[in-house]
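In: Give me a 3D structure for the following:
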Amino acid sequence: MTTSPRARSLIVHALLIAAALLVLIPVVWVVAAGFRTQISLLSGAFWFSPVLKNFNEVLFSKTSDFLVNYRNSLVVGTLSTLICLVAATLAAWSLNRMSWPRWFVHIFLGWALVFHMFPALALASAWFTIMRTVGLDNTLTAVVLAHTVLNLPMALWLMGVFVRDVPVELEEAARLDGATTPVLLWRIVLPIIAPGLAATGILTFVFSWNDFGVALTLTMKQTATVPVAIAKFAQDYEILYTQMAAAAALSILPALVLLIIGQRYIVAGLTQGAVK
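Out: Predicted coordinates:
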């Protein structure tokens, strides 16, 4: 028995809607919890009167450092993403356009893939010892360097796909016109791979923004990032669920803004190379 195209389409859409609900319902629940009182949340009441007390406590309380933590995450995410994009783009162009032996390229990319599969916490303690030795413990610089190392392999693999799809003929024509390598990269390569840069940049920023283990190991109160700050609402004798939910809701904003602004580039970037 064969199903009609309409029936198959309905099944596919139903599965997609179900998958979307699985993702959205927990997010909506967390955001809604940020507008509830602790009693309302713990009692399990379905209907509640929204309050802004939790957001006020998280943002403006004298005992809260959340705005400082928010700034730290923005600084760390932005700087590590920029470093990853520059290094990954140059490395990808070098591996695909310069006369490296193929065995070297394969080993290099293979090692990058293996390194990316290492648990971040397996490296965190070693990084803490190194940073303390060189005087970078409890600094944002240490977190930026750690996040760059963690996310660079992913950025390298993604940018390798986008750089590989740049027509070699365009680069050869630019060389004939006297373009140097910096001019070639800036005027020819970068405009073509701009969607790929946007997609890679957003993914790298989100990974950096969401990191908890490494940031917890390398930071203290004034240098902590948003995930570490959210975890601190779980105190010794009490868990401030509603304030934790409010902080989690606020933490969604940067990634959400980036996805809304760059969704066209993300789709174009992630599908580039898949269809000729």
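
In: Poorly predicted segments of the stretch 1-150 of the chain, please.
Out: 1-3 (pLDDT under 70).

In: That one: strands as residue ranges?
Out: Here the stretch 1-150 of the chain has no strands by DSSP state E, counting those that start in this stretch.

In: Contacts only, for Glu169.
Out: Contact analysis of Glu169 by CB atoms under 8 Å, 6 or more residues apart in numbering lists nothing. Yep, even glycine has a C-beta here, placed from its N, CA and C like the rest.

In: Then it would be within a helix, right?
Out: Yes - the assignment for Glu169 (DSSP: H, G, I helix; E, B strand; the rest coil) places it in a helix.

In: That one and Ala32, how far apart?
Out: 55 Å (CB to CB, to the nearest Å).

In: ditto for Ala87
Out: 41 Å.

In: And for Ala198?
Out: As judged by CB to CB, Ala198 and Ala32 stand 31 Å apart.

In: Compare the two (neighbour count), which wins?
Out: Ala198 (20 against 14; other CB atoms under 10 Å).

In: Near the closest residue to Ser64 other than its chain neighbours, how many other residues are there?
Out: Computed as CB to CB, 6 or more residues apart in numbering, the closest residue to Ser64 that is not its neighbour in sequence is Val58, at 5.8 Å. By other CB under 10 Å, the residues close to Val58 number 26.

In: ok, now Leu145?
Out: Count around Leu145 with other CB under 10 Å applied: 20.

In: quick one: contacts for it?
Out: Leu145 is in contact with Leu136, counting by CB under 8 Å, 6+ apart.

In: Same check on the one 4 residues further on?
Out: Taking CB under 8 Å, 6+ apart as the contact definition, Val149 lies against Leu123.

In: how far away is it from Leu79?
Out: Using CB to CB, Val149 is found at 13 Å from Leu79.
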